[in-house]
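> below are the sequence and a predicted model; questions follow.
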Amino acid sequence: MNSKFALTSLALLVSAGVLVGCGEKEAAPAVVEEVAVVEPVEAEIVEKPYITSSFASTVNATVKSLNLETREVVLLAEDGSELDFVVSEDARNLDQVEIGDTVVSEYETTITFEVVAGEDIPKLGAVEGGAIVRSEEGEKPGLAIVDESIEAFKVSDINIEAGTFKLTNAEGIEKEYVAEDPENLKRTEVGDVLLVSVSESVAIDVVESDWKLGADE
């Protein structure tokens, strides 16, 4: 994404002029003009704003009760609260779950804001994608889901003094925002494109526990 500009100026060389006298006069000394040499100047490199943030958490719960016929499961959270829900028919291997098993849920969200030159993004709008991975037959239930989306907005106005900017979406709707870091506005130009990327992942695994709920010590 970096742009580098080099400005090179070459000095013109002027040949020495020699003046020669006549008769007995001494020849005038040669006159050589000084040559000014300009060194290449490298323009300042301005990087467009790029910000990314990630949030992750892990939640553990214990299987308190399970009804295979109705597919109703009750989970006991670490804080003592209970969660009662019905497992979808799409979920595999419910019959492999036992009371006392631990359900480990991991969540992660990553949000990225990247400003790029407008000519690099010919079309505004959103692009979405995702993937689902499930455990094999006969294993403890497990599921991983990843959802990703990217949306492009045109920077339609920048107000350095007020610390605000305006974005226009693919439908032509324009909204004004306040910059969290006004310095980023100085590295952005009207006509640039802001790419907003969101990646969300959820992984759920059922782990057999050495200790079974309600079992005698």
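Perfect, thanks for sending it.
> which stretches of the chain form strands?
For the chain, the strands defined by DSSP state E cover 6-7, 41-42, 50-67, 72-77, 82-86, 102-116, 125-134, 142-159, 164-168, 174-178, 193-207.
> looking at these, which is nearest to R92?
Nearest of those to R92, taken as C-beta to C-beta: strand 125-134 at 5.7 Å. In short, each C-beta sits where N, CA and C put it, glycine included.
> who touches stretch 158-178?
123-126, 151-157, 179, 182, 185-186, 188-190, 194 (C-beta atoms under 8 Å, 6 or more residues apart in numbering).
> so for it, mean pLDDT?
Averaged over stretch 158-178, pLDDT sits at 96.
> and it, what's buried?
Across stretch 158-178, burial judged by 16 or more other C-beta atoms under 10 Å covers 158, 163, 165-167.
> closest one of those residues to D90?
Nearest to D90 among the buried residues of stretch 158-178, with distances taken as C-beta to C-beta, is L167, at 38.1 Å.
> beta-bridge partners for the closest one, please?
Counting by DSSP bridges, L167 is bridged to V155, K175.
> could you do A77 as well?
With DSSP bridges as the rule, A77 is bridged to A61.
> neighbours around S88, how many?
S88 has 8 neighbouring residues, counting by other C-beta atoms under 10 Å.
> over to F55?
Quick note: F55 (other C-beta under 10 Å) scores 10 neighbours.
> give the bridge partners for the residue most central in space within the chain, please.
With distances taken as C-alpha atoms, centre = their mean, T112 lies nearest the centre of the chain, 2.8 Å away. Residues in a beta bridge with T112, per DSSP bridges, are T52, S197.
> that one and V206, how far apart?
Distance, T112 to V206, by C-beta to C-beta, to the nearest Å: 32 Å.
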